[in-house]
Every structure is written in C-alpha cells, then in structure tokens.
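Trainee: coords please:
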Amino acid sequence: MLPGRIHSPSVLAAPLVPAAGQPLAGLRAVPHGERSLWVHWERPPAPVTGYVLEWQRVSSEPARCSACWQRERGGGTTGALIHDGIEPFQRYNISVYPLYKDAVGVPVHVAAYSKQKAPSHAPKLHLKSISKSEAELCWDSIPVEMQNGFITSYTIFWANSTVDVSSAVVPSSSISFFVFFRPAPSAFIQRARCYARPVRKRKKDLPSHLDDLPPTMLKKDYMNVPIINSVDDVVKRLLSLEMASQKEKVKIKTQQLVEKVRRSPNDDGSFEVQVARLTAKIRTYEEHLQKRPKDKSNRRRMLMDMDRRRKLLAYLRRVRYDVFENTCKQLNIQYTFPPAYSRRITKRWLAKKALCLKVFQEVQKLKAPERLKQRQEWRARAKARAKAEKERQAQQSEGTAV
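Mentor: Numbers count the residues shown, from 1 in each chain. Modelled structure (predicted):
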C-alpha cells in the first residue's frame with residue numbers, strides 16, 4: 001500500500017478484499033468549509049495500524065463519478081480532513097476502513113454535504129385518485145443532484161371552497177398523502193385536477209382574411225336602407241360588423257371579391273364570379289382547418305371547391321388569357337401549372353398495351369353479333385311505331401272528312 005493519499009481503487013483492491021476486522025463506531029462528517037469535510041470516528045479497542053478513507057459523489061449516473069481515496073497512518077488518529085473533489089450542495093458517501101495488523105476492518109459509511117441550501121425545485125405533484133371525501137396525492141422524488149441538502153420533510157397546503165387553507169407535514173420518506181376534506185370539495189377537486197393536468201400551450205391568434213373588414217361597416221342587409229342614417233349610434237353598432245357573425249362577414253367579403261372581377265353590375269354567373277365565390281369559401285375553410293385539423297368533412301369540401309376552381313381557371317387560361325391573368329391578380333391567387341404527363345416507354349409497357357388492345361378487339365368481336373341483333377330490334381320497333389303513327393293519323397283524317 002502506498003503511503004499518503006492515493007486516487008486509484010486498483011491499488012487498494014488487494015488489501016481491502018478480506019474485510020474481517022472489527023468496524024469503527026461513531027462515524028460522522030461535518031462541514032469544514034464550502035469545499036472540505038471533517039470526518040471523525042471513535043478509536044476501536046483493538047490495535048490499529050492506520051485508516052483508509054473513501055468518498056464518492058452521489059449521482060443518478062454513478063458511472064460518471066469517480067471515487068477518491070486517502071490513507072491516514074497511525075492508530076491514534078480519530079479524524080481526517082478531506083477536500084479533493086468536494087463541491088458545495090453535492091452529497092458524498094464517505095467510507096472508513098480500519099487497517100489491523102493481519103486484516104482489514106469492515107467499512108462504515110456516512111453521507112454528508114459541505115454546504116446545504118433549499119432544493120432547486122419542488123417535487124412534481126400528481127393526483128392519483130379522488131372521491132367525494134378524500135384525495136390521494138403522490139409525487140416524484142427529487143433527483144439527488146437537485147436536492148442541495150438533506151430533505152427532512154414535505155409540507156403540503158390545500159384549500160377548500162371557503163378559502164380555508166390547511167397544511168400537513170409529511171416525512172421525507174413518503175411519496176404519497178391522503179387529503180380528507182369536508183362536504184364541499186368542488187374547489188379543491190378542481191384545483192387538484194388542474195394542478196395535476198399538464199400545462200397546455202396557448203394557441204396563437206391566426207391571421208384571417210376577414211381582418212380587413214372595418215368593424216363600423218353595416219351588415220349586407222342594412223347597407224341600402226334609407227332610414228339607417230337617422231337611427232341611434234347604439235342601433236348602428238348592433239347592425240354593424242362589430243356585432244355580426246362570421247357568416248355575415250363572409251357574405252360581405254364574398255361580395256367585395258365579386259365586385260373586383262365581375263364584367264358588369266348584373267354579372268352573377270360568369271367564370272370570374274364563380275372563381276371569386278369559391279376563393280372566399282376556400283379561405284374560410286383553411287382558417288377553420290387551422291384551428292380544427294381533424295375536421296375531415298370540411299377538409300373534403302375544401303378540396304372539392306379547390307378542384308372546381310382549378311378547372312374554371314384552366315378554362316379561362318385556355319380561352320381568355322387576359323381575363324385569367326386579371327382574375328388571379330385581383331383575387332391574389334397563385335396559379336400552379338399542372339405537371340406535364342410523361343411516361344417512360346419500356347418493352348414491358350409496350351407488350352402490356354398490345355395485349356390490352358388485342359383483348360379489347362377480341363371482346364368487341366364477341367359482342368358484335370349481340371349488338372347487331374340489338375340494332376335490328378331497335379330498327380324493327382322504330383318501324384312499328386312509325387307505321388302505327390301513320391295509321392292513327394290516317395284514321396283521324398278520315399274522321400275529320402266525314
């Protein structure tokens with residue numbers, strides 16, 4: 001064994017294996033500063049040749065914390081100062097091995113802090129069960145790195161509907177507690193449930209295509225009423241968009257988009273007007289689906305309207321390009337051209353196509369007699385109907401002459 005302080009457990013592995021001697025008594029560790037600890041023990045009755053001190057920081061990942069060793073010579077020593085690797089607010093497990101002449105004593109362990117303070121955070125509380133008269137609370141243990149000292153107890157506070165605050169002290173070894181409350185537990189139940197429920201992020205207000213509508217604008221049904229200018233301001237406010245529903249706002253927005261692209265004041269059904277109305281509906285669906293993305297029914301309606309608008313724009317682009325360009329500009333539509341259809345021609349595709357054509361031709365040949373028979377029947381029925389009509393007309397003409 002090397003004299004003095006050593007920091008390698010392999011050096012002490014051989015002498016410390018046969019731990020058969022008498023252990024120490026009265027082991028304790030007290031702070032001697034922020035980065036040192038004073039370890040004290042009582043001298044054993046048997047003669048001792050020295051002591052070996054081992055200490056290691058307590059962590060949730062022990063593999064990252066290495067142990068430190070220190071040897072104290074002389075049997076009369078009853079204390080030692082350790083400071084290598086000691087950090088404040090961290091727990092250390094300290095072990096002391098007495099060294100006898102022919103054996104190594106059983107080690108004695110103690111935990112200590114060089115400096116303590118309040119824990120970094122409170123334990124996470126959960127509502128395990130609840131009834132009309134009691135509730136069971138449980139919590140997770142604080143990681144040893146966050147304890148910053150020895151926890152002696154927990155103090156739990158709760159309140160009822162009359163704001164009477166109660167408290168209870170629970171030992172640090174407990175991880176659950178039953179709260180018994182009086183017949184009106186609704187407020188406490190709600191608080192406990194809200195406390196145990198995970199915090200939900202507040203959704204941001206999304207921009208809307210209806211934000212540019214002034215709140216003082218009147219509703220569509222009251223815009224052209226002559227008496228509206230002589231009514232009270234309160235009545236105007238009730239009839240304005242400030243008190244209007246989203247459906248009424250969408251009507252006005254649709255009318256504004258139609259006014260931008262219509263050909264004449266009486267135009268209500270041109271392709272441009274249809275595109276404007278579909279655009280208003282699509283933008284309303286998009287805002288709704290941003291808030292409720294699982295609404296599959298409205299998503300399907302939006303996709304159908306988008307497909308219809310795409311067909312109308314493709315027709316305008318093919319027939320009247322100037323109107324198509326003006327419609328996209330006025331309605332702020334970014335038109336995406338459909339991808340050009342292209343297929344790689346392979347021998348397999350050619351053989352498959354030839355086989356399909358051959359099968360189609362053979363099927364047509366098999367159906368040819370049946371189709372010929374059907375045509376003959378249709379012609380015979382048509383001739384019979386024509387003949388019957390001529391006979392009826394002849395009978396009527398004879399009756400009129402008489």
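
Trainee: Quick one: mean pLDDT over stretch 61-70.
Mentor: Stretch 61-70 carries an average pLDDT of 76.

Trainee: which of the residues in that stretch are buried?
Mentor: For stretch 61-70, burial by neighbour count (16 or more other CB atoms under 10 Å) applies to 67-70. Using the backbone N, CA and C atoms, a C-beta is placed for each residue, glycine as well.

Trainee: residue ranges for the helices of the stretch 51-200 of the chain, please.
Mentor: Per DSSP state H, counting those that start in this stretch, the stretch 51-200 of the chain carries helices over the ranges 144-147, 186-196.

Trainee: okay but Gly75 is in contact with Leu24, surely?
Mentor: No: in this structure Gly75 lies outside contact range of Leu24 using CB atoms under 8 Å: 12.0 Å.

Trainee: so which strand or helix has Arg371?
Mentor: Using DSSP states H and E, Arg371 sits in helix 347-401.

Trainee: Give the other helices and strands that that helix contacts.
Mentor: The contact analysis (3 or more CB pairs under 8 Å, 6 or more residues apart in numbering; DSSP states H and E) places helix 347-401 against no helix or strand.

Trainee: coming back round to it: could you dump the buried residues of stretch 61-70 into JSON lines with distance to Ile86 added?
Mentor: Listed next are the buried residues of stretch 61-70 as JSON lines, based on distance: CB to CB, whole Å:
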{"residue": "Ala67", "distance to Ile86": "13"}
{"residue": "Cys68", "distance to Ile86": "9"}
{"residue": "Trp69", "distance to Ile86": "14"}
{"residue": "Gln70", "distance to Ile86": "12"}
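
Trainee: Among those residues, which lie within strands?
Mentor: Cross-referencing the buried residues of stretch 61-70 against strands under DSSP state E gives 68-70.

Trainee: Give me the more crowded residue out of Gly75 and Leu24.
Mentor: Neighbour count, other CB atoms under 10 Å: between Gly75 and Leu24, Leu24 has more, with 20 against 17.

Trainee: what residues are up against that one?
Mentor: 41-42, 44, 96, 98, 105, 108 (CB atoms under 8 Å, 6 or more residues apart in numbering).

Trainee: can we see that at 10 Å?
Mentor: With contact set as CB atoms under 10 Å, 6 or more residues apart in numbering, Leu24 has these partners: 41-44, 48, 51, 78, 96-98, 105-108.

Trainee: where does the stretch 201-350 of the chain dip in pLDDT?
Mentor: Within the stretch 201-350 of the chain, the ranges that satisfy pLDDT under 70 run 201-204, 342.

Trainee: which stretch of helix or strand covers His40?
Mentor: His40 belongs to strand 37-42 when assigned by DSSP H and E.

Trainee: quick one: which of the helices of the stretch 51-200 of the chain has the weakest pLDDT on average?
Mentor: helix 186-196 (a mean of 49).

Trainee: Show the subsequent helix or strand relative to that helix.
Mentor: Counting by DSSP H and E, the next helix or strand C-terminal to helix 186-196 is helix 233-238.

Trainee: just how off-centre is that following helix within its chain?
Mentor: Helix 233-238 sits 43 Å away from the centroid of its parent chain (CA atoms, centre = their mean, to the nearest Å).

Trainee: for stretch 344-356, same thing?
Mentor: Mean C-alpha position of stretch 344-356 versus that of the full chain (CA atoms, centre = their mean) differs by 48 Å.

Trainee: buried sites along stretch 328-341?
Mentor: 328, 331, 333.

Trainee: Quick one: list the elements packing against the host helix or strand of the first one.
Mentor: Here Cys328, judged by DSSP H and E, is contained in helix 321-331. Contacting helix 321-331 under the criterion 3 or more CB pairs under 10 Å, 6 or more residues apart in numbering; DSSP states H and E are the following elements: helix 246-261, helix 271-291, helix 296-319.

Trainee: what angle do that helix and helix 271-291 make?
Mentor: Helix 321-331 runs at 40 degrees relative to helix 271-291, counting by axes from the mean of the first three to the mean of the last three CA atoms, to 10 degrees.

Trainee: Outline the domain layout of the protein.
Mentor: Taking automatic domain parsing as the reference, the chain has its domains at 9-113, 125-196, 220-331.

Trainee: Save the ones you listed as JSON lines, and put in distance to Gln374 too.
Mentor: Shown next, in JSON lines, are the domains of the chain (distance: least, CB to CB, whole Å):
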{"stretch": "domain 9-113", "distance to Gln374": "86"}
{"stretch": "domain 125-196", "distance to Gln374": "75"}
{"stretch": "domain 220-331", "distance to Gln374": "36"}
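
Trainee: you'd agree Glu136 is up against Phe177?
Mentor: Yes: with contact defined as CB atoms under 10 Å, Glu136 reaches Phe177; the gap is 7.5 Å.

Trainee: anything in contact with each of those two?
Mentor: Counting by CB under 10 Å, 6+ apart, the residues touching both Glu136 and Phe177 are Lys128.

Trainee: What's the local residue count around the closest residue to Val165 other than its chain neighbours?
Mentor: If the residues on either side of it in the chain are set aside, Val165 comes closest to Ala159, at 4.8 Å by CB to CB, 6 or more residues apart in numbering. Using other CB under 10 Å, Ala159 is surrounded by 14 other residues.

Trainee: Quickly note the distance from Val225 to Leu37.
Mentor: Separation of Val225 from Leu37 (CB to CB, to the nearest Å) stands at 89 Å.

Trainee: who has more neighbours, the two?
Mentor: The residue with more neighbours, out of Val225 and Leu37, is Leu37; 22 against 11, by other CB under 10 Å.

Trainee: dump the residue contacts of the more buried one.
Mentor: Going by CB under 10 Å, 6+ apart, Leu37 touches 29-31, 53, 55, 80-83, 86, 92, 94, 110, 112-114.

Trainee: most packed of the helices and strands packed on helix 321-331?
Mentor: helix 271-291 (a mean of 18; mean count of other CB atoms under 10 Å).

Trainee: Check which helices and strands that one is in contact with.
Mentor: Helix 271-291 is packed against helix 246-261, helix 296-319, helix 321-331, with contacts defined by 3+ CB pairs under 10 Å, 6+ apart.

Trainee: Could you check how far the shortest one is from the centre of its chain?
Mentor: Yep, that's helix 321-331 we're talking about. 40 Å.
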